[in-house]
Structure formats: C-alpha cells, structure tokens
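> here are the coordinates; sequence isn't available:
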C-alpha cells in the first residue's frame, strides 16, 4: 500500500476548516432525518451521516430501518446539497448504498474485525469512485485496522480514510471507549496522506465530553470530526447520551481551536529545540534505567529457577503497584498512567524470567 497513491479527495473539497460529518446515530423517520439535515445545512457540517443498519451489542434494541431509510438519505442530498454517508456492514449493504448513490461509505468497528466481510465489501465496490472510511476495530489492533484499509486499496479504492472511534475495554473510565491516542498518532506517521477523522461521540459516550475529545483530535492534526447530532437528543432511539443538537454543534465548532502545523517564528523553534533536547536526554535515561531494571529481573529469574519458584508472585506485584500508585500522588502523573506503565514493565519482567525458566 503506497501512501503517495491515495487520492486527495479531502483537499478537493477545498474546505477552510476540518471536515465535519454530522447527523443522528439512527435514521428514525423521514421527518426526523430531513429536520436534522436542514438544520445542519447552516453549520460547518459538509457530510450528513445517519445509521440505516444499526449493529447492536445485544438483541432487542433498535437495529435501524434498513433499506426503507435509504430514500430519506437520498432526499437529504437533493434538498440540502450535503454529501451523505452511511455505515455498511456487508456486501449487500454496499450494493444498496451504490444503488441509492450514497457518497461515502464507512466500515464500522464490528465489521473491521472480520477480514472476510471486509473483503466482500471491497470486491463489491471494485471499479467505483466512492470514498470509503474505515473505523478502527473494537480492540486496539493496528495491523487489523490497516489490513482492512489495504483490502480496499488492493480493490482499486484510493479515496480512503480512517475513523478513530476509540477502543473497548473492560476497564471503564470516563470514556465509553478508550482513545489510546498513540495508535492514530502512529497511523498518521506511517500514512500522512491518509485522512483521519475522529469520532468523539463514540469515544466520549457523553455529550459533555464531545468538545474535549474534539479539541484533542485537532491538537493532534486530525483531518475532521464525525459528531452525532439530533434535534432532540434525549429522545433519540439509540445512543441518546452522546448526541448533541445542531445548535450545540455550532457552538463547539466555533470554540474549537485549529492549531498551526508550522511555527515560522525562529524564537519558538529555538525554544522547542532546547526542550526537545532535554526530552531526548531524559528518554535515553529512561531506556538505560529500564534496561538496568530488567537485568535485575533476570537475576531474580535465575534465583527462582534455582529454587523452582513460580515466576508470578501476586503478593509482590500487588505491593509494587500499590506503592507506586501512592508515590504518584503529587507527581503530576495520573494514577491511570502509573498503573498502565508498571503493568507493561511487569509483563516485560515476567517474559524475561520465563525465558530463563525455559533454559536447559
């Protein structure tokens, strides 16, 4: 997959602001769809989104009107001139989206995890000029995400982009889905010509966090936002808590700050160079300290092997993490960060000791 061969479809829109995709989580009725669309016409939204097929985590919820709703989406384009986008979950959905001339097709998180279904959709779209956006898989699997993009690329679809909607986790915090920003940062580094859209609605799961997540995305040079909007969010048939009104969308887009990608001022560059030099020095120290720590872990592994002691010592691990979390108070580091980083260090120590245990 060659980064330079992606078609610059986003640049062709000639927007003076990041792309905004907005609309309801679910297309509930023709009247609802058109009311929202006409209100969005007066915002920064360029693309109207609506869920036609709604894959739900558990049965019994509203799963969308399906093909019945496609003429409503078509009418949005006719009456407002906005581009339209829907989620497609299989090849049949893709065929219907083509039949009703939907401009942009997005692949949902639950579909991205299934290479067979992704390939079937890619084969269906072969030879078309549609824009395809691929949401990240439910779990933080970078290779699986880019593998889905690559399937469309190999099918001749070069108007591609990705949507970052966060990752599911059994460890719940204030977000519905953990953003794990480093993953889209890595993607942006590897494929700078591949547009990346943030879905703050699904990351946040709460409307009061939409602005915060959106600003972070723009701070990280994301190319756009997909925000769920509804005229009466509390009455929405699905995901009511994370939808906002078109008026709120206007307020959010007005308040968001678009950061410069270049400095231009030599004084700022000099300051950054100084601080980055300090960061580089500290990073080198971190590597050396971690290396030293693992050498000690290796020695502990040798002792455990000699005495035939289990590698994992739950009591000791509990003492370490409890002590480090207590020590983090007042350090300016979040407990979540300390917890995550020491889990990774502990896992690396276990792997080192496992290698020693297996030696003859």
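Great, that's in hand. It should be emphasised that the depicted structure is a prediction, and the values quoted were computed from it without experimental measurement. Numbering: from 1, shown residues only.
> how about low-confidence regions in this protein?
Scanning the chain with the threshold set as pLDDT under 70 gives 2-4, 260-264, 266.
> now the helices: where do they sit in the chain?
9-12, 30-40, 70-80, 91-99, 109-112, 115-125, 142-154, 182-190, 200-204, 210-219, 246-255, 266-307, 314-327, 335-358 (DSSP state H).
> quick one: contacts for residue 43?
20, 22, 246, 249, 250, 253 (C-beta atoms under 8 Å, 6 or more residues apart in numbering). Placement of C-beta: from N, CA and C, glycine included.
> okay if I get those as TSV plus distance to residue 82 and neighbour count?
Shown next, in TSV, are those (distance: C-beta to C-beta, whole Å; neighbours: other C-beta atoms under 10 Å):
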residue	distance to residue 82	neighbour count
20	11	23
22	9	28
246	12	21
249	13	22
250	15	17
253	15	19
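> for residue 142, state which of those residues is nearest.
residue 20 (26.1 Å; C-beta to C-beta).
> roughly how far does that closest one sit from residue 181?
Counting by C-beta to C-beta, to the nearest Å, the gap from residue 20 to residue 181 is 20 Å.
> and for residue 293?
From residue 293 to residue 181 the distance is 26 Å (C-beta to C-beta).
> pick out the residue closest to the middle of the protein.
By C-alpha atoms, centre = their mean, the mean C-alpha position of the chain lies nearest to residue 164, the distance being 1.9 Å.
> neighbour count for residue 293 and residue 181, which is higher?
residue 181 (17 against 14; other C-beta atoms under 10 Å).
> name the nearest residue to that one, sequence neighbours excluded.
In space, and not counting its chain neighbours, residue 181 is closest to residue 220: 6.4 Å by C-beta to C-beta, 6 or more residues apart in numbering.
> that neighbour: neighbour count?
Count around residue 220 with other C-beta under 10 Å applied: 16.
> still on that earlier bit, which one of the helices of the chain is the most hemmed in?
helix 200-204 (a mean of 26; mean count of other C-beta atoms under 10 Å).
> contacts for that helix?
Residues beyond helix 200-204 that count as contacts (C-beta under 8 Å, 6+ apart) turn out to be 25, 164-166, 175-179, 209-210, 212-214, 217, 225-228, 239, 242-243.
> show me the domain layout of this protein.
Using automatic domain parsing, the domain parsing of the chain gives 3-255, 266-358.
> export the helices of the chain to a markdown table and tack on distance to residue 131?
What follows is those, written out as a markdown table (distance: least, C-beta to C-beta, whole Å):
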| stretch | distance to residue 131 |
| --- | --- |
| helix 9-12 | 6 |
| helix 30-40 | 19 |
| helix 70-80 | 14 |
| helix 91-99 | 11 |
| helix 109-112 | 16 |
| helix 115-125 | 10 |
| helix 142-154 | 10 |
| helix 182-190 | 18 |
| helix 200-204 | 20 |
| helix 210-219 | 19 |
| helix 246-255 | 21 |
| helix 266-307 | 36 |
| helix 314-327 | 46 |
| helix 335-358 | 35 |
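> out of these, which gets nearest to residue 133?
helix 142-154 (9.6 Å).
> okay, now the residue nearest to residue 87 when sequence neighbours are not counted: neighbour count?
Using C-beta to C-beta, 6+ apart and skipping the chain neighbours, the partner closest in space to residue 87 is residue 108 (4.7 Å). By the criterion of other C-beta under 10 Å, residue 108 has 20 neighbours.
> re the thing from before, surely the residue nearest to the centre of the chain touches residue 217?
Yes: using C-beta atoms under 8 Å, residue 164 is in contact with residue 217, at 7.5 Å.
> what's the overlap in contacts for these two?
In contact with both residue 164 and residue 217: residue 198, using C-beta under 8 Å, 6+ apart.
> how about the nearest residue to residue 194, chain neighbours excluded?
residue 6 (5.7 Å).
> over to residue 222?
residue 198 (4.8 Å).
> cool, residue 39 as well?
Spatial nearest neighbour of residue 39, excluding adjacent residues (C-beta to C-beta, 6+ apart): residue 246 at 4.0 Å.
> for residue 127, see how far away the residue lying closest to residue 126 once chain neighbours are set aside is.
The shortest distance from residue 126 to any non-neighbouring residue, by C-beta to C-beta, 6+ apart, is to residue 155 (4.5 Å). Using C-beta to C-beta, we find residue 155 at a distance of 9 Å from residue 127.
> could you do residue 35 as well?
According to C-beta to C-beta, residue 35 stands 36 Å off from residue 127.
> one more: residue 167?
Relative to residue 127, residue 167 is positioned 33 Å away (criterion: C-beta to C-beta).
> neighbour count: these two, which is higher?
Between residue 167 and residue 127, counted using other C-beta under 10 Å, the more crowded position is residue 167 (19 against 9).
> what's the nearest residue to the more buried one if we skip its chain neighbours?
Here the residue nearest residue 167, using C-beta to C-beta, 6+ apart, is residue 140, at 4.5 Å.
> distance from stretch 95-110 to the middle of the chain?
19 Å (C-alpha atoms, centre = their mean, to the nearest Å).
> likewise stretch 40-60?
Worked out by C-alpha atoms, centre = their mean, stretch 40-60 lies 16 Å from the chain centre.
> buried residues, it. List them.
Neighbour-count burial for stretch 40-60 flags 40, 43-54 (criterion: 16 or more other C-beta atoms under 10 Å).
> let me have the residues you listed in JSON lines, extended by distance to residue 1.
Below are the buried residues of stretch 40-60 laid out as JSON lines (distance: C-beta to C-beta, whole Å):
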{"residue": "40", "distance to residue 1": "33"}
{"residue": "43", "distance to residue 1": "34"}
{"residue": "44", "distance to residue 1": "31"}
{"residue": "45", "distance to residue 1": "30"}
{"residue": "46", "distance to residue 1": "26"}
{"residue": "47", "distance to residue 1": "24"}
{"residue": "48", "distance to residue 1": "29"}
{"residue": "49", "distance to residue 1": "26"}
{"residue": "50", "distance to residue 1": "30"}
{"residue": "51", "distance to residue 1": "29"}
{"residue": "52", "distance to residue 1": "29"}
{"residue": "53", "distance to residue 1": "28"}
{"residue": "54", "distance to residue 1": "30"}
